[in-house]
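1. What shape does this take:
(chains A and B)
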Amino acid sequence: MPDLLLELFSEEIPARMQARAREDLRKLVTDGLVEAGLTYASAGAFSTPRRLVLAIEDLTAESPTTREERKGPKADAPQQALAGFLRGLGIEDAAPVMALAGQPSGAHVHLGGVTITVRDDKKGQLLFATLTKPGRPAPEIIAEVVERAIRTFPWPKSMRWGTGALRWVRPLHSILCQLTTEAGSEVVPLAVDHLTSGNTTEGHRFMAPGRFAVHGFDDYAAKLKRAHVVLDAAEREAIIWHDATTAAFAVGLEVVPDAALLTEVAGLVEWPVVLMGAIEDTFLGLPPEVLQTSMREHQKFFSVKNAATGRIEQFVTVANRTTADDGATILKGNLKVLSARLSDAKFFWDNDLRAVADKGLEGMAEGLSQVTFHNKLGSQADRVARIAALARDLAPALGADPDQAAQAARIAKADLQSAMVGEFPELQGLMGRYYATAAGLPEAVAAASQEHYSPLGPSDDVPSAPVSVAVALADKLDTLAGFWSIDEKPTGSKDPFALRRAALGVTRLMLANDARLPLRTALPAGLTEEVSDNLVSFFHDRLKVYLRDQGVRHDVIDACLAMPGNDDLVLLVKRASALQAFLTTEDGTNLLQGFRRANNIVGQAEAKDGVEYSFGADAKFAEDDTERALFAALDDAEARIDPALQAEDFGAAMAALADLRAPTDAFFTAVQVNVDNQVLRRNRLNLLHRIRAACMRVADLSRIAE
Amino acid sequence: MTATAAPRSFQEIILRLMTYWAGKGCAVLQPYDMEVGAGTFHPATTLRSLGSRPWAAAYVQPSRRPTDGRYGENPNRLQHYYQYQVILKPSPPDLQSLYLGSLQAIGVDMDLHDIRFVEDDWESPTLGAWGLGWEVWCDGMEVSQFTYFQQVGGHDCKPVSGELTYGLERLAMYVLGVDHVMDMPFNDPDSPIPLTYGDVFLQTEREYSRWNFDQADTATLLQHFMDAEAECNRTLDAPETDGAGRRIIMAQPAYDQCIKASHLFNLMDARGVISVTERQAYIGRVRALAKRCADAFVTTDAAN
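-> The predicted model follows:
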């Protein structure tokens, strides 16, 4: 069976788009071929900066013939019904079919690719149409599928060029489309606007200019390699990583791993050549993160560090070619650019340090009054002032010094005004920490500059230093309260201010640090009750998502949310964890049955009688031993539940409930509640209410799913 | 591919680019006689990339970016610099090869250097224009921008123009091996009166840096901005036919006012009197002018 080779040769495809494009090409073409009835053994997609390639093995040479049968009207149906049926089959002239009326079963006519046959059926004689679609040769199908793939390719951004209307990521220059069997290879003829398929390609732009013909994938890959093109991105990555680590190892250093950069660089070259160079001494005093960020962002260099000192001392750049001088000119040029870039970074670093020395971090932060945070929420400086006030309020409950928390908040955003963060926004926080340390601020204050942004995602580390936690909470709570008060809440998939992330951040900060800060107390003052209610329920929704991911049942959460103090997230989770654990024990499940039974009986009686049974059960009316035992058990349990709840020992409270299980079961076995004696009945209903009430003090068990 | 002998001066690089692109059929134009932020603003690019008429031009454009002034002290930054601009409409299929040929013409040896096309989407919010292309790297240094125009002044470019922009000082410093722009030979170093870039421009850079950052009168700038905006709109509001019954749409005089407004905005920005929020509004006002000029130009004979 033939193999298909497809190469779409273009001007340089952005590196970041190549991986997705390989997958899209593979899917678009193989789906199209399969849909048209072809099958294949395997398909592999490849890319270099200048080409997207698909190689399919063992493709069927043609699609199978297919038959489809359609049931029609009766043979003697009115002409209109007949015409409708025939129109659906693409047949205009009804006369030959009308002639079938009254003919015996099996009579038929051929009209184009359709056969119309008369057949006996329960309802009489019916017409059946058989549509035969002959199989089609693979090249015809491939031509259609490839053209459609090119025209509908989902590039993130595409363009036109010259006078054409065709869109591609960059100008598309040639299409190689070829089927190869043992007998040889043949071009699959196809045309897309001005481009016609052929069997030739180009090698490396500089090292092997000129076109050449290929015969099948193996020949293609081999000839490309001779023409200085490594087709497979994974192979290019492996070459780069191997050569880089080897070169670093030879001088006793290590390449700092950076998978994203490796992928990007492999997408920028067809013939990777690793070159290593040293960073000038004058720049070695820059923070390693600055060196690494500057080199990665501007130059796409790997950092090479001294493992013993942690310092970044050298770099690796990847050229797209070999040269007669073994890359000396290329390395020299790169060093020059690096030197200019790092001079900028050093200039920013020195200037920022000087500014900090002159006017402190609060002085650096002054410019924030000129930066709008949101036009309805004031400037960044306004926001910082709010966060500082809130951090001070939150501090005592978190074990942080209030003055330190406020100070940390006032300088936490100062680095947004630094030259370095202006150039490298991703260094925000980290630079603040360096500058705060340089200013001689306490370590806890400096650390908060960096840590108050955390946690950013569901698996990000959560800060634990009290000052950092206070600022991190104040920052996020202020953001949430602010956007809530101007009615900018997340809707559906839209969350432009990352408010869900902020709420999750607050939740994780509270839980990880056991922070006893009920939300209504923690939120900044001045919110209307409606806004804070709404915000608290937003937190509850986020908490449900978070706890569900941790394996806590949603009905367990609902049972706990229905309890007072539900804006204390730590308390809420403590209760939920204890309840979830309790419900997995035998006592727990049985007590739940007992609770439901008591709740149902009392509820029904209350509905029937129109009164509440909630008070006045008296042991002196007890007739049965089990009844008396239940009174005693309740006295005992109730005495234990309240102190346990006060101590927030939900485990102990639930253990007390568990002790009710046996007396409750025994009571229901021995005693009938709805007896004729009204005094007895009322007393028993009131007794059952005590079971219900005891349970409900711990959690709203009525919300636990059956 | 082999390179020609190395050039010896800044102006020789410009002359070689002129000769090269003239040889490829470009009309060699002169700089536009107004203050602009980049070669793209020259009507030979902005306006001529609109409409269906073929076009091929190359020119040097003195460009001003007031915020980039460093009093002549920074080795790489200037508030006034030269861009070399090539515009080919429609973009020819071998534009990349043509471009690489121009690098060889100025002495870049393709066998020793590493030339790369690195993704760079170009967008000019003030011109309402965007395109796709690359920044071209030579040994890790950006030496040119290479763009296929998709839209200008809100109009789809049909056909598409290919635009090449060379930052001349940076490119020349690299080719000539100079570390500080002010040390770069402007004319041939063996001339009777050898002049460096600093001889020509150092004093200028100092004066303009001071004026741009400290002295330019912001009230006057703002007034000029509003005047230019009004004049642009007034020109475009004029009837298509003049008193003698001739149909003359005045897209280009109006566009001059748009360029003026754009540069005045840049000056006000350098003076630090434009806040972050106002910034977008000013850009939007200039873009509205550019769009009106483009709308007018496409109805003229020069476009079609």
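2. what's near enough to touch the residue of chain A found nearest chain B?
-> Going by CB to the nearest CB, chain B is nearest to A:G333 of chain A, at 2.7 Å. C-beta: built from backbone N, CA, C; applies to glycine. A:G333 sits next to B:H113, B:D114, B:C138, B:D139, B:G140, B:M141, B:Y174 when contact means CB atoms under 8 Å, 6 or more residues apart in numbering or on different chains.
3. how does it look with 7 Å?
-> B:C138, B:D139, B:G140, B:M141 (CB atoms under 7 Å, 6 or more residues apart in numbering or on different chains).
4. beta partners for the last one?
-> Counting by DSSP bridges, B:M141 forms beta bridges with B:C138.
5. So it is in contact with A:V337, correct?
-> Yes: the pair formed by B:M141 and A:V337 meets the contact definition of CB atoms under 7 Å, at 4.6 Å.
6. neighbour-wise, which of the contacts of A:G333 leads?
-> Counting neighbours by other CB atoms under 10 Å in any protein chain shown, B:D139 comes out on top of the contacts of A:G333 with 25 neighbours.
7. Next, work out how far apart that residue and A:V602 are.
-> Distance of B:D139 to A:V602, computed by CB to CB, to the nearest Å: 85 Å.
8. Sketch out the helices for the stretch 101-250 of chain B, chain order is fine.
-> Assigned helices in the stretch 101-250 of chain B, in chain order: B:168-176, B:197-210, B:218-237 (criterion: DSSP state H, counting those that start in this stretch).
9. can you list those in TSV and add distance to chain A, mean pLDDT and mean neighbour count?
-> Listed next are these as TSV, based on distance: least, CB to the nearest CB, whole Å; pLDDT from 0 to 100; neighbours: other CB atoms under 10 Å in any protein chain shown:
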stretch	distance to chain A	mean pLDDT	mean neighbour count
helix B:168-176	7	93	22
helix B:197-210	16	96	17
helix B:218-237	16	96	16
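10. Reformat those into TSV and put distance to B:Q104 next to each item.
-> Output for the helices of the stretch 101-250 of chain B, formatted as TSV (distance: least, CB to CB, whole Å):
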stretch	distance to B:Q104
helix B:168-176	11
helix B:197-210	24
helix B:218-237	42
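11. now for the helix or strand where A:T196 lies, which elements pack on it?
-> A:T196 is part of strand A:195-198, with elements assigned from DSSP states H and E. Applying 3 or more CB pairs under 7 Å, 6 or more residues apart in numbering or on different chains; DSSP states H and E, one finds that strand A:195-198 contacts strand A:172-181.
12. Any chance you could list what contacts the strand it packs on?
-> Under CB under 7 Å, 6+ apart, the answer for strand A:172-181 is A:2-10, A:138-139, A:142, A:146, A:166, A:185-188, A:190, A:192, A:195, A:197-201, A:215-216.
13. just to revisit the earlier point, which one of the contacts of A:G333 is nearest A:L579?
-> Nearest to A:L579, judged by CB to CB, of the contacts of A:G333 is B:G140 at 61.2 Å.
14. if I look at that closest one, how far off is chain A?
-> 4 Å (CB to the nearest CB, to the nearest Å).
15. Please tell me the pLDDT value assigned to A:A632.
-> Per-residue pLDDT puts A:A632 at 93.
16. ugh, wrong one, I meant A:V698
-> Value listed for A:V698 in the pLDDT field: 89.
17. how deep is it tucked in, by neighbour count?
-> 22.
18. and the closest residue to it other than its chain neighbours, what does it touch?
-> Distances taken as CB to CB, 6 or more residues apart in numbering or on different chains put A:A653 closest to A:V698, at 5.0 Å, once the chain neighbours are dropped. Contacts for A:A653 (CB under 7 Å, 6+ apart) come out as A:I641, A:A644, A:L645, A:V698.
19. Check B:L50 too.
-> Per CB under 7 Å, 6+ apart, neighbours of B:L50: B:V152, B:G153, B:H155, B:A294, B:F297, B:V298, B:A303.
20. Which ones among these map onto strands?
-> B:V152, B:H155 (DSSP state E).
21. ok, so of the contacts of B:L50, who is nearest A:F668?
-> B:H155 (83.0 Å).
22. Run through the bridge partners of the closest one.
-> Bridge pairing for B:H155 - DSSP bridges - gives B:V152.
23. any idea how far B:L15 is from it?
-> With CB to CB as the criterion, B:H155 and B:L15 are 35 Å apart.
24. And the two? Which one has more around it.
-> B:H155 (18 against 13).
25. can you tell me how far the more buried one sits from B:R292?
-> 12 Å.
26. residues from chain B in reach of chain A?
-> Contact residues (CB under 7 Å from any CB of the partner chain) of chain B with chain A: B:76, B:90-91, B:93, B:96, B:110-114, B:116-119, B:121, B:132, B:134, B:138-141, B:148, B:150, B:159-160, B:275-277.
27. From those residues, list just the buried residues.
-> B:76, B:90-91, B:93, B:96, B:110, B:112-114, B:116-119, B:132, B:134, B:138-141, B:148, B:150, B:159-160 (16 or more other CB atoms under 10 Å in any protein chain shown).
28. could you pull out the strands for the stretch 1-150 of chain B?
-> Remark: strands assigned in the stretch 1-150 of chain B by DSSP state E, counting those that start in this stretch are B:27-28, B:55-64, B:80-89, B:115-119, B:122-124, B:129-138, B:141-152.
29. can I get these in JSON lines with distance to A:D568 and mean pLDDT?
-> Shown next, in JSON lines, are the strands of the stretch 1-150 of chain B (distance: least, CB to CB, whole Å; pLDDT from 0 to 100):
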{"stretch": "strand B:27-28", "distance to A:D568": "76", "mean pLDDT": "98"}
{"stretch": "strand B:55-64", "distance to A:D568": "61", "mean pLDDT": "97"}
{"stretch": "strand B:80-89", "distance to A:D568": "62", "mean pLDDT": "97"}
{"stretch": "strand B:115-119", "distance to A:D568": "50", "mean pLDDT": "95"}
{"stretch": "strand B:122-124", "distance to A:D568": "49", "mean pLDDT": "92"}
{"stretch": "strand B:129-138", "distance to A:D568": "52", "mean pLDDT": "96"}
{"stretch": "strand B:141-152", "distance to A:D568": "55", "mean pLDDT": "95"}
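30. For these, give me a markdown table that also has distance to B:I283.
-> Converted to a markdown table, these look like this (distance: least, CB to CB, whole Å):
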| stretch | distance to B:I283 |
| --- | --- |
| strand B:27-28 | 31 |
| strand B:55-64 | 17 |
| strand B:80-89 | 21 |
| strand B:115-119 | 24 |
| strand B:122-124 | 10 |
| strand B:129-138 | 13 |
| strand B:141-152 | 16 |
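31. Show me the contacts of strand A:172-181 that map onto helices.
-> Within the contacts of strand A:172-181, residues falling in helices by DSSP state H are A:A138, A:P139, A:I142, A:V146, A:G216.
32. now these as a markdown table including distance to chain B, neighbour count and pLDDT?
-> Listed next are the ones in helices among the contacts of strand A:172-181 as a markdown table, based on distance: CB to the nearest CB, whole Å; neighbours: other CB atoms under 10 Å in any protein chain shown; pLDDT from 0 to 100:
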| residue | distance to chain B | neighbour count | pLDDT |
| --- | --- | --- | --- |
| A:A138 | 31 | 23 | 95 |
| A:P139 | 27 | 19 | 96 |
| A:I142 | 25 | 27 | 97 |
| A:V146 | 21 | 25 | 98 |
| A:G216 | 28 | 21 | 96 |
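33. between the contacts of A:G333, which is closest to A:Q580?
-> For the contacts of A:G333, the nearest to A:Q580 is B:G140 (57.5 Å; CB to CB).
34. for that closest one, phi and psi?
-> phi 90, psi 0 (degrees, to the nearest 10).
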